[in-house]
Structures are given as C-alpha cells and as structure tokens.
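>>> Sequence and predicted structure are below.
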Amino acid sequence: MSQDTKATKTLLSALLDRACAPYRPAGQFAWRFARGKLGGDPAFRALLERGLIPDNARVLDLGCGQGLLAAWLLAARQQYEESIQVKPFPNAPAWPEHWPVAPRIQDFHGVELMPKDVERAQAALGGLRPVPRLTLGDIRDVPFEPCDAVVILDVLHYIDIPAQDAVLTRVREALAPDGVLLLRVGDASAGLPFKISNWVDHVVTFLRGHRLPRLYCRELVEWQSALRRLGFRLDADIPLSQGTPFANVLLVARLG
C-alpha cells in the first residue's frame, strides 16, 4: 500500500469521526446510521474527491434524510482548513494532494419527507456553521430556492415518472446558470445488481419504520434521455457501486 493511500485512509477516518460526532446526542440509531452510511457509501467520498460541489455553494439536498450530506460537507471544509494552517492542528491529517479543495458551503437546505429523520437531523446539526436548514415536506410540493448545487441521491424512484420529471423541471428553474445537478439513480438495465439494489432498498425502508413503497425505476439511457429532454447537459455518468453489489450511477448534469 502506497504512502498516499495510507494518508488518504487516515484523512477519511478522521473525516468520518468528525462528520458523525454531532449525531451522538441524537441517539445510538442516528450515530450508527451515520457511520454506516457515510463510511460505506462511495458517493460521499466521490463528491469531495472529484470536486463536484462548487465552492461557496448554496446546496439543495432533496430527500436529505437525517442531514448526512450537510454534516459531511461541513466537516470536510473544517478538516481541510485545519490541514492547511501555518501551524497545523496537532495530529491533523493532511488533505490529499490529488483532491480538490474542500468546498465552502454558503447555505444548505435539505428537504425530507420523514418526520423522524428531520427530528434526528435537527437534534444533531444545530451546532454546525452555517446551520443547515431542514424542511419537513414532499419534494413534489416544497418550493425550491435559488441554488448552485442540487443533490438527489437514490430518491426519485420513490415517486412516479411524471412527478420525477416535474421535480427535475423545478430543479432546472432553481439552479444558477453555472449550477450542477448531482443525481444518483439505479440502472434498471443492470440485471442482478439492480435487483439486489431494489431488495436492499425495500429492507432498509422497512427497518427505518416506513411502508414498503412501489418503485418507479428507469434504465440509465432513459434517465440520460429524460435529463436532456428537460434541458440539462450531461457532463458525466459515474459508476458509484464500488465495494457494493449495486447498480448505482451518479449523473452530473448542468444547464444546457
């Protein structure tokens, strides 16, 4: 294992501890869920490693759950700032040289349908700066404020396809001209990995105390076509299933 890999793992471990720490007062479930999700889902690392969130961004997180993305991004910026001090903080791990600068977050607005998730987020994140704003509501109805980055991770397949397109249309209208949409979807053409993704989705939904939903999924080419039809330009489609048996793809889209 190279020194760079060791340094990156050290940084990721410290970042995970920092991002999860606010969830301890919210209870064991909130803290353990945060560690499992932030530590095991490759999307969170990819957002930093690939520099997908603009600097000084107003972020809109649709289906934000208990606010993990807010905790992760704000922890990353703090971790980065500590690593570049003239006199670095004691034992502060170095920010990886091949990673972009961690983005500053001007404003964070999360929208979540599940009241318990919002309660956990509010109990955990009030001490962060800037304080994430959390709205309890349905992404089909909640107004979207002007923003620079919209993040939708594994959410749209819970609503029917016309509603998916309606949400994406309102996202397009809310985005700044140079803004970015980060949309993770399952590829319905991926065979067994996609079936495993759906099975796990149902199990996790059930364990979190929610009813088992009907899912409205599309093949990757259908997602790509829908985004172009709705006025987006696709910059990249990034496989995001590393270390998992799933069929997830992150679509990076900007205004056409």
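Cool, the structure landed. Residues are numbered from 1 along each chain as shown.
>>> Helices of the protein, residue ranges please.
3-20, 28-40, 42-49, 68-83, 115-125, 161-174, 192-207, 220-229 (DSSP state H).
>>> Return the angle between stretch directions for the third one and helix 68-83.
What that stands for is helix 42-49. 40 degrees (axes from the mean of the first three to the mean of the last three C-alpha atoms, to 10 degrees).
>>> heads up, I number from 779, so please use that
Will do, 779 is the new start, and the previous item becomes helix 820-827.
>>> Export helix 820-827 to PDB, keeping only CA atoms.
Taking C-alpha atoms only, helix 820-827 is exported to PDB below (Å, rounded to 0.1, in the frame of the first residue of the first chain):
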ATOM      1  CA  PRO A 820     -18.900   5.700  -2.100                       C
ATOM      2  CA  ALA A 821     -21.000   8.800  -3.100                       C
ATOM      3  CA  PHE A 822     -19.800  10.900  -0.200                       C
ATOM      4  CA  ARG A 823     -16.100  10.400  -1.000                       C
ATOM      5  CA  ALA A 824     -16.700  10.900  -4.700                       C
ATOM      6  CA  LEU A 825     -18.300  14.300  -4.100                       C
ATOM      7  CA  LEU A 826     -15.000  15.500  -2.500                       C
ATOM      8  CA  GLU A 827     -12.500  13.600  -4.500                       C
END
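>>> contacting residues around the residue most central in space within the chain?
Centrality entry for the chain: nearest residue to the mean C-alpha point is L847, 5.0 Å, by C-alpha atoms, centre = their mean. Applying C-beta atoms under 8 Å, 6 or more residues apart in numbering to L847 gives the contacts F822, L825, V837, D839, F886, G888, V929, L931. All C-beta atoms are positioned from the backbone trio N, CA, C, and that covers glycine.
>>> In strands, which of those residues appear?
Applying DSSP state E to these, the entries found in strands are V837, D839, F886, G888, V929, L931.
>>> Quick one: residues contacting the fifth one.
So that's V929. By C-beta under 8 Å, 6+ apart, the residues touching V929 are L825, I831, V837, L838, D839, L840, L847, L960.
>>> Under the pLDDT cut-off, which ranges of this structure? List them.
Scanning the chain for pLDDT under 70 picks out the ranges 779-782, 864-868, 968-991, 1019-1024.
>>> if you set the cut-off to 50 instead, what comes out?
779-780, 971, 977 (pLDDT under 50).
>>> remind me, longest strand of it?
strand 953-964.
>>> Once you drop chain neighbours, what's closest to L852?
Spatial nearest neighbour of L852, excluding adjacent residues (C-beta to C-beta, 6 or more residues apart in numbering): L906 at 5.0 Å.
>>> State the number of residues packed around the closest residue to Q856 other than its chain neighbours.
Leaving aside its chain neighbours, Q856 sits nearest to R796 (6.8 Å; criterion: C-beta to C-beta, 6+ apart). By other C-beta atoms under 10 Å, the residues close to R796 number 17.
>>> quick one: contacts for R796?
By C-beta under 8 Å, 6+ apart, R796 lies in contact with A853, Q856, Q857.
>>> Looking at those residues, which one is closest to R1006?
Checking these against R1006 by C-beta to C-beta gives A853 as the nearest, at 34.8 Å.
>>> Cool, thanks, talk later.
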